[in-house]
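**Q** I need the structure of the sequence given here:
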Amino acid sequence: MGCIDKPVVTDVKVVKVELPAITPCQRLSIPDCKPVDNGELYECTLTIQKNLNLCADQVDALIEWQEDHYR
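**A** Predicted coordinates for the structure are as follows:
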């Protein structure tokens with residue numbers, strides 16, 4: 001192990017790491033749906049739950065990306 005007169009690394013490539021795609025969460029409440037019967041109320045709650053799950057999935061993806069790239 002001695003000194004060398006040439007650098008060990010000759011080619012340096014910059015790798016750009018992209019963030020996962022994140023979209024705004026759709027905020028919806030029961031009054032926004034204006035249900036007139038229990039069927040519409042049920043459909044509204046399903047839509048709200050779907051939106052919450054989508055938003056949570058996006059947050060989880062961002063957290064995972066941060067953990068992978070900022071350790």
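
**Q** hey, let's count contacts and neighbours off CA atoms from now on
**A** Noted.

**Q** Give me the helices and strands touching the helix ranked longest in the chain, please.
**A** Looking across the chain with DSSP state H, the single longest helix is helix 38-69. When contacts are defined as 3 or more C-alpha pairs under 8 Å, 6 or more residues apart in numbering; DSSP states H and E, helix 38-69 sits against helix 30-33.

**Q** Go through the helix it packs on and flag the buried ones.
**A** By 16 or more other C-alpha atoms under 10 Å, helix 30-33 has no buried positions at all.

**Q** what about it, average pLDDT?
**A** For helix 30-33, mean pLDDT rounds to 93.

**Q** gap between that helix and the chain center?
**A** Between the centre of helix 30-33 and the centre of its host chain there is 26 Å, according to C-alpha atoms, centre = their mean, to the nearest Å.

**Q** One more: stretch 53-71?
**A** Counting by C-alpha atoms, centre = their mean, stretch 53-71 is centred 5 Å from the centre of its parent chain.

**Q** Same question for stretch 23-36.
**A** 21 Å.

**Q** How about the residue nearest to the spatial centre of the chain, nearest residue that isn't a chain neighbour?
**A** Geometric centre of the chain, nearest residue: Q58, 3.0 Å, by C-alpha atoms, centre = their mean. The shortest distance from Q58 to any non-neighbouring residue, by C-alpha to C-alpha, 6 or more residues apart in numbering, is to I22 (6.1 Å).
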